[in-house]
Each structure stands twice: as structure tokens, then as C-alpha cells.
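Participant: got a predicted model here, sequence first, then my questions.
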Amino acid sequence: MSEGLLFKKAGKEDLPRISEFRKGFFQAHEAGRSCEPEYYEWKCCRNPFQEGEIWLAEEGNRVVGMKTMTPKPMKILGTMVNAAETGDTFAHPDCQRRGIFTGLFQAAKEGGLDPHLSFIYGLPSKISLQGYERKLDYAQIPVKLRSMVKPVRSKQILKRKLRFSFVAAIVSPLLDIASRAMFRMGTRGMARSTVDVRLEQGFPDDIDALWEEASVNYDVILVRSKKYLEWRYIANPDAYTILIARSKSGATAGYMVTKIHASNDLMCGYICDFLTLESDPNVFRKLLAAAVESFYQKGCAVVLAYVVKGSFYYRTLLRAGFLPWARHPIICYRNELGKLVLKGGHEWHFTMADSDGI
């Protein structure tokens, strides 16, 4: 029942209320990215491709539900399309089973961007996945997205898991030595590479050439143009680290974007995004080595990445001691293009930051 509920598209004046509502679901240390009003202004109001949307469910003057739609350019089956990610779908715990979830999507479908988009995707939680599949016209895409984790400083992890802290103090140095040895073995061969990896403040102009060349290997990939990357990581109110790999001639050979987040007393290093040419596998290995070393120096306990199972990146991470951790379903709306994607058999490139969760 949606009686007494009002569904509307939010304006900039609603951003402080949206922020407070969103924070009610996570403590500040639990969210992988900002929940401040500035974040939602960046995400929706300052999107250079198309203004995004935030839809609200209100009861009186109280926000009881929300969802966002973030337009993003994608290349799907050889064609550039207007796409968007649906996310931030939350309903207040006191208002369950009142049709908030379906009401928000119906309102967006009738008065929002939905009819003008070629492809809509999302990475739902386990709780919301059932709602997407049972109540909305969304379905899981047959692509195997996995999170992969690598312990860097195991003492922090073991202290959480073991009853006696002195055991963690004894065991962790041995585990760390083994982990670093496996990483060196998995990234060996880099000495033969002539690429140079450096920390930079932005993305070079020839990043578009890298994107154009790399994208031909994928059927489904988010457009990683300079325009997109600068909006996603530099204009973003959150802080990211940008690693650029350059060939001996100075041409851009690849990039990697990372982020550090503290959850309680556990420091996590996130490999948010990356793109290289598979013709020179050492480029990704050198970027990975630089990122992991930086995480180690900054005291991170674990490193986490999202990658498509079976891909070149997946195999490289596996050899470098990353462990498959969890499966992450990707869903899409069953419109004309969505149904083609749902047939499967497509080559995907998908990273953690292709979702708004980081």
C-alpha cells in the first residue's frame, strides 16, 4: 500500500535531507564513498553527459525512500549508447511493505529518464535483488563479476578473527612474507617492460586513444574517455589516486585508479578502475605492483578489486595472490537492448567504480 506517500523527483534544495536519510543506513566508516550533499550534487547535478535524477518517497515532511539514476555513456555491441546506473535504493525500515520500492521506480518510469535511455543497469544488494527480479522488469545478466581480495597486513585481519591477539602477532609475519613472495612471482617479467608508472594529478590527453584501442576487445564497456574519467575521479568530492603507465615514447599505455577507506580499525585499499592493452600484459602488472606497494606503505590490511571472471585481469590477479571472494550480480532493465545483453556470450570489462558504490 502506498497510501499517504508522495513520490517526486528531488531538486537541489532536497540534497541535505537526502544526505541525512542516506546516512541512516550506514555509519560514516561503513560507506565506501561520501553521502554528503556535495556528493549527490556532483553525481546528478554536475554530470557532464546528462543530468541525473534522485527520486524520493515522502510521508509528510519525512523522506522514507529514495533511488538515483546516474547517466553514463557505454559502448554496447559496437554502438555508443545512452546508459545509466540505477542505485541508492533505500526504504525506511518503518515503512516496509508499503510499495515504496515499486512506487519509486514507477514514478521514475513515468516522469523520468527511463524512456530515453537505451540501457539501464545496477548492482543490487542481496536484499534488493529479489525486488528487482520479482516486482520490476529487471533480470540478472549472465556475466561473472567477482570481488578479489589480497591480504597485505594480515595482523589486522587475524586480530579480528582470533581470540588471542598474541597468536596473530606470531602468525601474521609469516603470512605477510608468503603473500609478498606470491605477489612477486605473479608479477614477474616486469623487468622486461619499458613502461614507467607514475602518480599523476589528472589524465593525459591521449587517454582517449588508449580507450579507443582497448574498447574494441569488449562487447560491453563503459566509455572511459578523458571527459568521463575527469568527471568520475577528479571532479568527485571524494579523493582518488591516479596511476598512469607510459611507454618509452611517452604514450599512455594504461591507468589505474585507487582509493583507501578505513572501516572501523581495518584499512582497505580499493583498486577502483583500470584499463590497459592486453597485448602488453606487463603494463597491468606494473600498475598493480605500484598500487599494492602504495597500499602496503600506507598500512592497508587488505586490497580489494572487482573483475570479470576469466578475463586477462582476473588471471593476473589470481597469479598475484588475490583470492576470489564474492559474486556480484549485475542486473539490467528488460528493454530492447537489455534483452540482447541478457542473452549472454558477451565480452565485458567491468570494475568496482563502474558502480557508484565507491
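Facilitator: Arrived safely, thanks for sending.
Participant: where in the stretch 201-350 of the chain is pLDDT low?
Facilitator: 264 (pLDDT under 70).
Participant: show me where the stretch 201-350 of the chain has helices.
Facilitator: Per DSSP state H, counting those that start in this stretch, the stretch 201-350 of the chain carries helices over the ranges 207-215, 226-229, 281-297, 312-319, 336-342.
Participant: how about these, which one is nearest residue 143?
Facilitator: Closest to residue 143 of those is helix 336-342 (Cβ to Cβ; 8.8 Å). Every C-beta, even on glycine, is put in place using the N, C-alpha and C of the backbone.
Participant: touching the helix or strand where residue 103 lies from outside, list them.
Facilitator: Assigned by DSSP states H and E, residue 103 belongs to helix 100-111. For helix 100-111, contacts defined as Cβ atoms under 8 Å, 6 or more residues apart in numbering pick out 2, 5, 7-9, 53, 55-57, 64-67, 69, 89, 91-92, 114-115, 128, 131, 135-136.
Participant: show the buried residues in the residues you listed.
Facilitator: Among those, those classed as buried by 16 or more other Cβ atoms under 10 Å are 2, 5, 7, 53, 55-57, 64-67, 69, 89, 91-92, 114, 128, 131, 136.
Participant: return the subset of those lying in helices.
Facilitator: Residues of these located in helices (DSSP state H): 128, 131.
Participant: filter the buried ones among the contacts of helix 100-111 down to just the ones in strands.
Facilitator: The strands, defined by DSSP state E, take in 7, 53, 55-57, 64-67, 69, 89, 91 from these.
Participant: most widely separated two among the residues you listed?
Facilitator: Spatially, the most separated pair among these is 64 and 69, at 18.9 Å (Cβ to Cβ).
Participant: who touches residue 342 in this structure?
Facilitator: So residue 342 contacts 139, 141-142, 332, 334 (Cβ under 8 Å, 6+ apart).
Participant: residue 135 now?
Facilitator: So residue 135 contacts 101-102 (Cβ under 8 Å, 6+ apart).
Participant: what is the burial count for the closest residue in space to residue 201 that isn't next to it in sequence?
Facilitator: Nearest residue to residue 201 in three dimensions, chain neighbours excluded: residue 242, at 7.0 Å (Cβ to Cβ, 6 or more residues apart in numbering). Look at residue 242: counted by other Cβ atoms under 10 Å, it has 18 neighbours.
Participant: same check, this time on residue 118
Facilitator: Taking other Cβ under 10 Å as the criterion, the count of residues near residue 118 is 16.
Participant: tell me the strands beside the very next helix or strand once past the helix holding residue 103, with direction?
Facilitator: Remark: after helix 100-111, the chain's next helix or strand is strand 119-122, criterion DSSP H and E. Strand pairing for strand 119-122, determined by DSSP bridges: strand 79-91 (parallel), strand 331-333 (antiparallel).
Participant: deepest of those strands, which one?
Facilitator: Comparing those by mean neighbour count (mean count of other Cβ atoms under 10 Å), strand 331-333 ranks first with a mean of 23.
Participant: wait, residue 34 touches residue 259, no?
Facilitator: No - between residue 34 and residue 259 there is no contact under Cβ atoms under 8 Å: 11.3 Å.
Participant: shared neighbours, these two?
Facilitator: Common contact partners of residue 34 and residue 259 (Cβ under 8 Å, 6+ apart): residue 238.
Participant: mind putting the strands paired with strand 119-122 into a markdown table with distance to residue 355?
Facilitator: Shown next, in a markdown table, are the strands paired with strand 119-122 (distance: least, Cβ to Cβ, whole Å):
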| stretch | distance to residue 355 |
| --- | --- |
| strand 79-91 | 7 |
| strand 331-333 | 12 |
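Participant: which of those strands has the lowest average pLDDT?
Facilitator: Here the lowest mean pLDDT among those goes to strand 79-91, at a mean of 94.
Participant: just how off-centre is it within its chain?
Facilitator: 13 Å (Cα atoms, centre = their mean, to the nearest Å).
Participant: low-confidence ranges, the stretch 51-200 of the chain, go.
Facilitator: Where the stretch 51-200 of the chain drops to pLDDT under 70, the residues are 153-193.
Participant: again, only this time at 50
Facilitator: Within the stretch 51-200 of the chain, the stretches with pLDDT under 50 are 158-159, 162-172, 174.
Participant: whatever helix or strand residue 71 lives in packs against which elements?
Facilitator: Following DSSP H and E, one finds residue 71 within strand 62-76. With contacts defined as 3 or more Cβ pairs under 8 Å, 6 or more residues apart in numbering; DSSP states H and E, strand 62-76 has these neighbours: helix 15-23, strand 53-59, strand 79-91, helix 100-111, strand 119-122, strand 220-222.
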